[in-house]
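> sequence first, then the predicted structure, then my questions.
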Amino acid sequence: MAWSHYRTYFLATGGARSWLLAAVAITTHELLNFARSWWLKSWTSHAEHAQASYYGNGYILVSFLGCLAITARCLVWYILGMAASETLFSNMTRSIFGAPLQWLEETPHGEIINRFTSDMNIVDERLPHDLGYMISCTCQVLSILLASSSVSFHGLFIAGGIIYAYCIIGAKLLSATRKLKHISSTSTSYLYQRLSSLQASDAFITIRTYGMTRYFATRMFRCIDDSSSAAWHHTLRQIMMDFEPGTLGALFLTSAAVGAVLSAADVGTVGIALSFAMEFSDTMASLLRKLSTVESGVQSVERICEYDSAPAESTAGSEPPENWPASGRLEVRDLTAGYRADLPPAIRNVTFSVGPGQRVGVVGERRR
């Protein structure tokens, strides 16, 4: 996956200012989450001499601020996602409606429908949420490592090895996700192409007239089988993403527990370290899962942006006056046109005029 597509989405969301606001919201939420656990640790460490009202009110205040931070984070990602969706959708619509008719004839309609439905749905609903959750999981991993280092600094080396194993597993899973997404997109486009061909007014009549009912049904079933096969392999990939990271997470929790037993830390520090370590497995599994879904979402951005390079009709010319048209007269002089640039012209040097209120009939080679 080229970084240019990430940059395209980055610019579509609003650029550096929008992402700076998102970084502030995510960092604030993670700091408040860590502060809440640390405040609870201080409360339990001084339980005999502490005032319950002091620590209780402080815990409620930090928790309330954490709720506000979550709300602000979700709002920021919603705004970024809506801005990116509006920009990408507008650019794609402008490119398609401004393309020559020949380009529309050569481009499969199922592919265009897939861009406006499946790909735009991913960009609208899934990509902003998955991207924000991926960044949040990354910050949570850093918080977990910080909490584990408070008990035993040597545990960071073990955590580094486990994270390296996560990276190896993640690289393989992302490669499989990339291939499965390509297969799924291709099979879905073929399926939409078959369905769009049935929307013609004479589609069923033509199929039955030429005796192609069984052939068309067989091809349709094959497209459905390909799409279902991609979905089955995607489910298998999800199972592997839960099993392998879960095993590594158990190893990290075991190492954190051994480090807590061998250390001379107080009860509160050990408790907060183990509570964070218990979240390591789920956090890393969620991070790998969101990495794959974010990459799939950026692939949708790539397919949407493919239409930006489509040829565009010329919009050069003078602007008409405000009261145009004052009359319905039409003047055509020496018009030469064809279906394609590499084909001979269909009409040559046609000149005619149509007055107001006149009716015009266009007759082709078959006099229709």
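Received it, and whenever you're ready, just let me know what you need. Residues are numbered from 1 along each chain as shown.
> helices of the stretch 51-200 of the chain, start to end?
Remark: helices assigned in the stretch 51-200 of the chain by DSSP state H, counting those that start in this stretch are 52-97, 101-106, 109-114, 120-121, 127-149, 155-197.
> show me what the longest one is packed up against.
Spelled out, it's helix 52-97. helix 3-12, helix 16-45, helix 120-121, helix 127-149, helix 280-305 (3 or more CB pairs under 8 Å, 6 or more residues apart in numbering; DSSP states H and E). Placement of C-beta: from N, CA and C, glycine included.
> helices or strands up against the second one?
Yep, that's helix 16-45 we're talking about. Applying 3+ CB pairs under 8 Å, 6+ apart, one finds that helix 16-45 contacts helix 52-97, helix 127-149, helix 267-278.
> do you know which of those lies nearest Arg208?
Minimum separation from Arg208 across the helices and strands packed on helix 16-45 (CB to CB) falls at helix 52-97, 33.0 Å.
> how distant is the longest helix seen in the chain from the center of its chain?
For the chain, the helix that runs over the most residues, judged by DSSP state H, is helix 213-262. Chain-centre distance of helix 213-262: 19 Å, with CA atoms, centre = their mean, to the nearest Å.
> so what's Gly338 closest to, chain neighbours aside?
Pro345 (4.2 Å; CB to CB, 6 or more residues apart in numbering).
> and the one you found, what is it in contact with?
Contacts for Pro345 (CB atoms under 8 Å, 6 or more residues apart in numbering) come out as 336-338.
> just the CA atoms of stretch 185-198, as CSV, please.
Output of stretch 185-198 as CSV, limited to C-alpha atoms (Å, rounded to 0.1, in the frame of the first residue of the first chain):
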residue,chain,number,x,y,z
SER,A,185,-13.6,-6.5,-4.3
THR,A,186,-13.1,-8.3,-7.7
SER,A,187,-15.8,-10.9,-7.0
THR,A,188,-18.2,-8.2,-5.8
SER,A,189,-17.7,-6.1,-8.9
TYR,A,190,-18.4,-9.1,-11.1
LEU,A,191,-21.5,-9.8,-9.2
TYR,A,192,-22.7,-6.2,-9.5
GLN,A,193,-22.0,-6.3,-13.2
ARG,A,194,-24.2,-9.3,-13.6
LEU,A,195,-27.0,-7.7,-11.6
SER,A,196,-26.8,-4.4,-13.5
SER,A,197,-27.1,-6.3,-16.8
LEU,A,198,-30.5,-7.6,-15.7
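> list the buried residues in that stretch.
Using 16 or more other CB atoms under 10 Å as the test for burial, stretch 185-198 gives 185, 187-194, 196.
> would you list those residues in a markdown table and tack on distance to Gly56 and pLDDT?
Formatted as a markdown table, these follow (distance: CB to CB, whole Å; pLDDT from 0 to 100):
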| residue | distance to Gly56 | pLDDT |
| --- | --- | --- |
| Ser185 | 54 | 73 |
| Ser187 | 57 | 77 |
| Thr188 | 55 | 76 |
| Ser189 | 59 | 74 |
| Tyr190 | 62 | 76 |
| Leu191 | 59 | 78 |
| Tyr192 | 58 | 76 |
| Gln193 | 63 | 76 |
| Arg194 | 64 | 77 |
| Ser196 | 63 | 75 |
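> show me the contacts for Ala231.
Applying CB under 8 Å, 6+ apart to Ala231 gives the contacts Ser184.
> any idea how far Leu180 is from it?
Distance of Ala231 to Leu180, computed by CB to CB, to the nearest Å: 9 Å.
> now Ser85
Ser85 sits 24 Å away from Leu180 when distances are taken as CB to CB.
> and for Asn349?
For Asn349, the distance to Leu180 - CB to CB - is 56 Å.
> of those two, who's got more company?
A count of neighbours by other CB atoms under 10 Å puts Leu180 above the other of Asn349 and Leu180, at 19 against 9.
> re the thing from before, okay if I get the helices of the stretch 51-200 of the chain as a markdown table plus distance to Gly15?
A markdown table is the format used below for those (distance: least, CB to CB, whole Å):
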| stretch | distance to Gly15 |
| --- | --- |
| helix 52-97 | 10 |
| helix 101-106 | 31 |
| helix 109-114 | 29 |
| helix 120-121 | 22 |
| helix 127-149 | 15 |
| helix 155-197 | 27 |
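> and Gln358, which of these is closest to it?
Taking the helices of the stretch 51-200 of the chain one by one with CB to CB, helix 101-106 is closest: 26.2 Å.
> low pLDDT regions in the protein?
1-2, 45-50, 149-156, 264-269, 364-368 (pLDDT under 70).
> make it 90
Within the chain, the stretches with pLDDT under 90 are 1-63, 65-67, 69-70, 72-82, 84, 94-332, 335-368.
> pick out the residue nearest the middle of it.
Gly297 (2.6 Å; CA atoms, centre = their mean).
> who's in contact with that residue?
122-123, 126-127, 130-131.
> now the phi/psi pair for Phe352, please.
Note on Phe352: its backbone torsions stand at phi -160, psi 170 [degrees, to the nearest 10].
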